[in-house]
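In: Here is a sequence together with a model predicted from it:
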Amino acid sequence: MKRTHPARRRLAVTALAPALGFVLAAVDARPQASPRPQGLNAGTAQAVTPFRMFDNLYYVGLDFVCAYVIETSEGLILIDTLFGDFAGHTADAMEQLGLDPRDVEYIIVTHGHNDHYGGLKTMQELTGARVMMAEADWELMESTIRGNGEEDALLVARDMVTVDGGTLTLGDTTINLYVTPGHTDGVTSLEFSVFEDGEEYEVFMWPGPTLNSNDAPALENFVSTIRRLETLARPDVWLHSHPWSVSFFDKYERLAARGDGDPNPYVNPGEVPVFLAQRLEDAERRLAEAR
Ligand SMILES: [Zn+2]
């Protein structure tokens, strides 16, 4: 079904990113399940110029880890907050895009790993936004921060708890939320609509496509999640919380180079079943070895 997106502030096309040269050269261009480019990790992470992906979706992340902003009729929703020296990067990126970080009403943290929550306290204090995370990952984040003695720098008061099958509505936008354990126990997937030229596209964001563990319980969770996603996730646009696994910057390069009327390269429904089948095969093999 198509519906026209309400008129929103129109921004000039964002200047393209010279800083991306390094990233683009390093990213594997295969359409799905790309491995992480060699040498790309939290320690080497670099900012990339923020850009608009669709009328109501912006990229405000790094080359190593993603952060996104959804623009609604009643304010902004920030998805993940980066970390370390980049704790305030999403705010700077919003300003570069003509968005006001103080318009952020909600921050959704996809899971309780530092590269996603490390900027949370900075951004929560700056925006006054409500914070959403699944119960298990509030616990994971809090215990990690306390274990590292980083309470003063990083700990925020527990706020909203994301539940599986829940929704978040802000203005004209509703996000469906799913707790999809595997990468962590509370990793949260998001489903929402984006718009371009009056067309509506469904986004599914699975922030947990990689496994941290070869323990059987984690692998079993991961396998169950993939089986669930095989029926649940039929999106036009497939996003994760790290860019390489969806050839994110390869698509960016094509987005930046496209001409009038060319399709948005982030619209690529065919990659999803292939990706999930590959991940399932890998996880089942590892589970068989673990048992
Ligand atoms: Zn993680």
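Out: Nice, thanks for sending it over. None of the values given here were measured: they were computed from a predicted structure.

In: which strands and helices sit next to the helix or strand where residue 125 lies?
Out: Residue 125 belongs to helix 120-127 when assigned by DSSP states H and E. Contacts defined by 3 or more CB pairs under 8 Å, 6 or more residues apart in numbering; DSSP states H and E place helix 120-127 against helix 89-96, strand 104-108, helix 151-154. (Glycine included, C-beta is placed from N, CA and C.)

In: want to throw the ones you listed into a markdown table with distance to residue 241, mean pLDDT and mean neighbour count?
Out: Listed next are these as a markdown table, based on distance: least, CB to CB, whole Å; pLDDT from 0 to 100; neighbours: other CB atoms under 10 Å:
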| stretch | distance to residue 241 | mean pLDDT | mean neighbour count |
| --- | --- | --- | --- |
| helix 89-96 | 13 | 98 | 21 |
| strand 104-108 | 11 | 98 | 23 |
| helix 151-154 | 18 | 97 | 13 |
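
In: so can I have TSV of these showing distance to residue 185?
Out: Listed next are the helices and strands packed on helix 120-127 as TSV, based on distance: least, CB to CB, whole Å:
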stretch	distance to residue 185
helix 89-96	25
strand 104-108	17
helix 151-154	20
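
In: List the buried residues of the helix holding residue 125.
Out: Residues of helix 120-127 classed as buried: 120-124, 126-127 (neighbour count, 16 or more other CB atoms under 10 Å).

In: what's the distance between residue 185 and residue 84?
Out: 24 Å (CB to CB, to the nearest Å).

In: Who has more neighbours out of the two?
Out: Using other CB atoms under 10 Å as the criterion, residue 185 and residue 84 rank with residue 185 on top: 18 against 13.

In: Report the contact partners of that one.
Out: Residue 185 makes contact with 134, 136-137, 140, 221, according to CB atoms under 8 Å, 6 or more residues apart in numbering.

In: Out of those residues, which is nearest to residue 176?
Out: Of all the contacts of residue 185, residue 176 sits closest to residue 134, with 14.0 Å by CB to CB.

In: Now the closest one: closest residue in space that isn't a chain neighbour?
Out: residue 186 (3.2 Å; CB to CB, 6 or more residues apart in numbering).

In: quick one, strands of the stretch 51-200 of the chain?
Out: Shown for the stretch 51-200 of the chain, the strands assigned by DSSP state E, counting those that start in this stretch span residues 51-54, 57-59, 68-72, 75-79, 104-108, 130-134, 160-162, 167-170, 173-179, 188-196, 199-205.

In: With distance to residue 240 added, can I get those strands in JSON lines?
Out: Formatted as JSON lines, those follow (distance: least, CB to CB, whole Å):
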{"stretch": "strand 51-54", "distance to residue 240": "14"}
{"stretch": "strand 57-59", "distance to residue 240": "12"}
{"stretch": "strand 68-72", "distance to residue 240": "11"}
{"stretch": "strand 75-79", "distance to residue 240": "11"}
{"stretch": "strand 104-108", "distance to residue 240": "14"}
{"stretch": "strand 130-134", "distance to residue 240": "17"}
{"stretch": "strand 160-162", "distance to residue 240": "17"}
{"stretch": "strand 167-170", "distance to residue 240": "19"}
{"stretch": "strand 173-179", "distance to residue 240": "14"}
{"stretch": "strand 188-196", "distance to residue 240": "10"}
{"stretch": "strand 199-205", "distance to residue 240": "7"}
